[in-house]
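>>> Sequence first, predicted coordinates after that:
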Amino acid sequence: MKSELKSITGADVRQVMPALAVMGWVTIVLALDHFCAQLGQLVLGVATWMVLGFLLWRSPRLLRVQVGIVVVFATVIEYVFSPLLDVYTYRLGGVFGVPSFVPPGHGLVYFAAVTLGTSTLFRSFRKPLIIGCIVIGGLYSMWGVFLSPQSDALGAFWYGCLVLFLIFGKQQLVYVGAFLVVTYLELVGTYWGVWRWSTVDPTGVISIGNPPSGAAGGYGWFDLAAITFAPGLVRRWDLWRGGRKNSERVGVEQPVRGDGTTGH
């Protein structure tokens, strides 16, 4: 461990700075939302889209596709679970029950998790980070079930999902990054009252903490969707573009007949 700490360079620290910047922006947005009205929420939403676009502008194409998948997937879940099922509710609601900064916010959360999970710093401490995530997440989950003022069976279930992602996932450190970012996000957001979780799920059977202790495990399904489907979408896009270019080339470079004219 000591040798690993000594080997950390300034470049290693700079790799994780975008993730820290995202967490800083999220903190600012949640702090401002605590005081603003509907128009203010809309401004925060536009600004958050701009921040996300800036970060993705020079990012690898695969990461841009992954973020797009997360934004679409998470937005659908948001509208189903919040205004429709009331699993959690936002302070003001915004357009159709979800603040405008939430969809791009999910993209920022995934961007931060990937930035952390693929950094040299995280790779240098791979095993301790994974073990620490399991242990700390487990203690938090136990607190949610036995000690939290609002009992949290859902958090325990999601913690189980997180453990599976950490053990069997293709990019385990991305889930570690998601654990750090999502747990922080949920604690700050619920503390400031930007949103609040219901006490039970729609069936009335499963208790829910405010926030659920294992929220990162629930968010891990967004990560899984991005990691699983993005490479295939990129390949299909490349094949489609390649076939389209070939068709255009054939259309321009028509075969020449013996009399010097062109034809099909």
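That came through, no problem. Numbers count the residues shown, from 1 in each chain.

>>> Geometric centre of this protein: which residue is closest?
Against the mean C-alpha coordinate of the chain, by C-alpha atoms, centre = their mean, the closest residue is Tyr110 at 2.7 Å.

>>> Contact partners for the spatially closest residue to Gly209 that is not a sequence neighbour?
In space, and not counting its chain neighbours, Gly209 is closest to Asp152: 3.0 Å by C-beta to C-beta, 6 or more residues apart in numbering. C-beta here means a position set from N, CA and C on the backbone, and glycine is covered the same way. By C-beta atoms under 8 Å, 6 or more residues apart in numbering, the contact list for Asp152 reads Ser141, Gly144, Val145, Ser207, Ile208, Gly209, Pro212, Ser213.

>>> And the first one, what's its pLDDT?
In this case it means Ser141. Per-residue confidence (pLDDT) for Ser141: 97.

>>> so where is the chain shaky, pLDDT-wise?
1-7, 93-95, 243-264 (pLDDT under 70).

>>> Strands along that one, start to end?
Taking DSSP state E to define them, one finds strands in the chain at 88-90, 195-197.

>>> and among the ones you listed, the most buried is which?
Ranked by mean neighbour count under mean count of other C-beta atoms under 10 Å, the strands of the chain are led by strand 195-197, which reaches a mean of 20.

>>> one step back: phi first, then psi, for the residue nearest to Gly209.
phi -140, psi 70 (degrees, to the nearest 10).

>>> picking that back up, how about CSV for the strands of the chain, with distance to Val176 added?
Output for those, formatted as CSV (distance: least, C-beta to C-beta, whole Å):
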stretch, distance to Val176
strand 88-90, 24
strand 195-197, 23
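
>>> out of the ones you listed, which comes closest to Thr9?
Closest to Thr9 of those is strand 195-197 (C-beta to C-beta; 39.0 Å).

>>> helices or strands next to that closest one in the packing?
For strand 195-197, the packing partners by 3 or more C-beta pairs under 8 Å, 6 or more residues apart in numbering; DSSP states H and E come out as strand 88-90, helix 172-191.

>>> Which strands border the shortest one, and is each parallel or antiparallel?
According to DSSP bridges, strand 88-90 forms sheet pairs with strand 195-197 (antiparallel).

>>> All set now, cheers.
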